[in-house]
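**Student:** pasting the structure only:
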């Protein structure tokens, strides 16, 4: 039995192949973009350090010398909602969402900062002296 | 002892024949006693009269069951092929579904897709696990996509385009499920690779299916055309006759001489001897397991085990604590051991490690420690472990609770049972399926099976 080697590639085959290839490339670009733009909330307490993705709602309690500072992550923003300090400056600071924005509760020694995958140490970065 | 093996020519100038025994997952089915009483279905002398309508496939259910059996068979072959990542598959088990796009009416087409998923899940014992859920969603979406592409594209599309659309649809839905069920955000990282694999394998499967459809007489008959799509269907009389190895070699038109042929046979025999020795060793190694399996099958009814499995699965899925989940997993592994099913702790550890690592890629929770840029966080670690334990727990529970004797009630169950019978016949098939002549070989196999159906319906 001899085989015919004819395989008819038709117009729509090529179109579908192209669309699928486009989808692959598109997903790749999307993933790369998403990865480099992914933001995290870095929360540093007296003893422990926490990291959480900014796009996932969560609540964290960070312990300091005075007690627990409560960090609330919601809708891509992070804020301090409760703190055992006297001046409540950290609570009044409101919500942060941009890379390198930060909230500090000096009395309770809690520091909250937004970082980004690609550029956590660029212009406007906070250094140790700001703490 | 039944043995499935596939022979593959590596190249035309070097004719050694590779023989690979079916992997452990598939072979527990092969242990099922299926003696020579099955063989009347095969008759090497019978020559099908091409042009007769649909090879007696008045009964769509029979054809669906036959194609489903082929899905099981191909998935057993797929199991032996190496894969770069555990979740990457070539998807050759989808070939019968691809071919069925033009053969079966919509209802039976969907029944075939469902039968493929359920049957394969029984063979591999994954029916109650996420793997079956992934397989179900992927296959059903792919089936719908393929059918829709075929209908919309009419004459302007070949099986290549149909195959690509199916593969992409299947991989895309499985990607989404992986994101939400197992890997978390990190699933996006492998999305491009996963989709690109789908595109590549989809194209290859489409090309093969198109080529097969052009050349297969069985396919032509099943479509009820009566003539193969190929130009050279004058060779019809050859079909159905089991050609010997030398016939094949001569017809290949290659420079293989008679000497080369005898070489092939010699290597062939030594290969077989090696295989026998290997299987003997494996047999001894497995005797204990098979004894356990027999004992288990004596005391446990398949449907009791299945119902028990479902109930326990519900309890298991309600568990939140990681320690409790671990205890369940250990219990399930023990149950699987008692049932005499095959399992590999090494691959279990590998899968758990993979899932945990993927979840750690997106840090979340208290920082436990840092290794360079890689941060180990408490919540991500616990979450990863929890997902991995659920995944593997269901896997083992499913293995233990799904016995190969399990039968489903109703018409759908009957089709699956029928498909398993055909599957037994396929793995008993005495003809060879070789890479070089794969189209003719599979065509022969399909025709032989169809003739069996024909004869039985006539009796």
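**Tutor:** Thanks, I have it. Quick caveat, the model's predicted, so the values are computed rather than measured.

**Student:** Chain A contacts on the stretch 251-400 of chain B?
**Tutor:** B:251, B:362-367, B:375, B:377, B:379 (C-beta under 8 Å from any C-beta of the partner chain). C-beta coordinates here come from the backbone N, C-alpha and C atoms, glycine included.

**Student:** Sketch out the low-pLDDT regions of chain A for me.
**Tutor:** Within chain A, the stretches with pLDDT under 70 are A:1-5, A:118-131.

**Student:** same question but for the stretch 351-459 of chain B, I mixed them up
**Tutor:** For the stretch 351-459 of chain B, the ranges with pLDDT under 70 are B:430-432, B:452-459.

**Student:** any idea where the strands of it begin and end?
**Tutor:** B:365-371, B:374-377 (DSSP state E, counting those that start in this stretch).

**Student:** Quick check: which of these has the most neighbours on average?
**Tutor:** strand B:374-377 (a mean of 17; mean count of other C-beta atoms under 10 Å in any protein chain shown).

**Student:** in its sheet, what does that strand sit against?
**Tutor:** Sheet partners assigned to strand B:374-377 using DSSP bridges are listed as strand B:365-371 (antiparallel).

**Student:** Any stretches of chain B with poor pLDDT?
**Tutor:** Using pLDDT under 70, chain B drops low at B:1-58, B:80-88, B:224-275, B:281, B:284-285, B:430-432, B:452-459.

**Student:** Between the two ends of stretch A:97-108, how far is it?
**Tutor:** With C-alpha to C-alpha, to the nearest Å as the measure, stretch A:97-108 spans 22 Å from end to end.

**Student:** wait, does it contact chain B?
**Tutor:** No - using C-beta under 8 Å from any C-beta, stretch A:97-108 stays clear of chain B, coming no nearer than 15.8 Å.

**Student:** Which positions in chain A make contact with chain B?
**Tutor:** A:1-13, A:15-17, A:20-21, A:23-24, A:27-28, A:31, A:34-35, A:38, A:40, A:48-53, A:56, A:58.

**Student:** Selecting buried members of those residues in PyMOL, what would you type?
**Tutor:** Entered in PyMOL, the line below selects the buried ones among these, by 16 or more other C-beta atoms under 10 Å in any protein chain shown:
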select buried, chain A and resi 1+7+10+12+13+16+17+20+23+24+27+31+38+40+49+50+51+52+53+58
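
**Student:** What is the three-state secondary structure of residue A:73?
**Tutor:** strand (DSSP: H, G, I helix; E, B strand; the rest coil).

**Student:** Skipping its backbone neighbours, what lies nearest it in space?
**Tutor:** Counting by C-beta to C-beta, 6 or more residues apart in numbering or on different chains, residue A:73 lies nearest to residue A:58, which is 4.8 Å off, once chain neighbours are set aside.

**Student:** for the one you found, phi and psi?
**Tutor:** phi -160, psi 160 (degrees, to the nearest 10).

**Student:** for stretch A:52-71, how far is the first residue from the last?
**Tutor:** Using C-alpha to C-alpha, one end of stretch A:52-71 lies 11 Å from the other.

**Student:** what sits up against that stretch?
**Tutor:** Here stretch A:52-71 makes contact (C-beta atoms under 8 Å, 6 or more residues apart in numbering or on different chains) with A:38-41, A:43-48, A:50, A:72-85, A:90, A:97, A:105, A:107-110, A:112, A:114, B:185, B:362-365, B:379.

**Student:** chain center to that stretch: distance?
**Tutor:** Offset of stretch A:52-71 from its chain centre (C-alpha atoms, centre = their mean, to the nearest Å): 15 Å.

**Student:** Buried by neighbour count: which residues of it qualify?
**Tutor:** So for stretch A:52-71, counting by 16+ other C-beta under 10 Å, buried means A:52-54, A:58, A:60, A:62-64, A:66, A:68-71.

**Student:** Format the strands of the stretch 351-459 of chain B as a markdown table; extra columns: distance to residue B:306.
**Tutor:** Formatted as a markdown table, these follow (distance: least, C-beta to C-beta, whole Å):
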| stretch | distance to residue B:306 |
| --- | --- |
| strand B:365-371 | 38 |
| strand B:374-377 | 39 |
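
**Student:** Over to the residue positioned nearest the centre of chain A: give its phi and psi.
**Tutor:** Chain A has residue A:39 as the residue nearest its centroid, 2.1 Å off, counting by C-alpha atoms, centre = their mean. The phi and psi values for residue A:39, taken as degrees, to the nearest 10, are phi -110, psi 150.

**Student:** same thing with residue A:75?
**Tutor:** phi 60, psi 40.

**Student:** for it, what are its contacts?
**Tutor:** Contact analysis of residue A:75 by C-beta under 8 Å, 6+ apart lists residue A:57.

**Student:** how about the strands in chain A?
**Tutor:** Taking DSSP state E, the strands of chain A run over residues A:39-44, A:49-53, A:58-63, A:68-74, A:77-82, A:95-96, A:102-105, A:110-116.

**Student:** Of the ones you listed, give the one that comes closest to residue B:141.
**Tutor:** Counting by C-beta to C-beta, residue B:141 lies closest to strand A:49-53 out of the strands of chain A; the figure is 28.9 Å.

**Student:** angle of the closest one against strand A:58-63?
**Tutor:** Counting by axes from the mean of the first three to the mean of the last three C-alpha atoms, to 10 degrees, strand A:49-53 points 170 degrees away from the direction of strand A:58-63.

**Student:** Show me what strand A:49-53 pairs with in its sheet, parallel or antiparallel.
**Tutor:** strand A:39-44 (antiparallel), strand B:365-371 (antiparallel).

**Student:** Out of the residues of the stretch 251-400 of chain B next to chain A, give me the two with the largest separation.
**Tutor:** Longest span within these, C-beta to C-beta: B:251 and B:366, 69.5 Å.

**Student:** rewinding a little: and which of the buried residues of stretch A:52-71 is nearest residue B:112?
**Tutor:** Once C-beta to C-beta is applied, the member of these that ends up nearest residue B:112 is residue A:53, at 42.3 Å.
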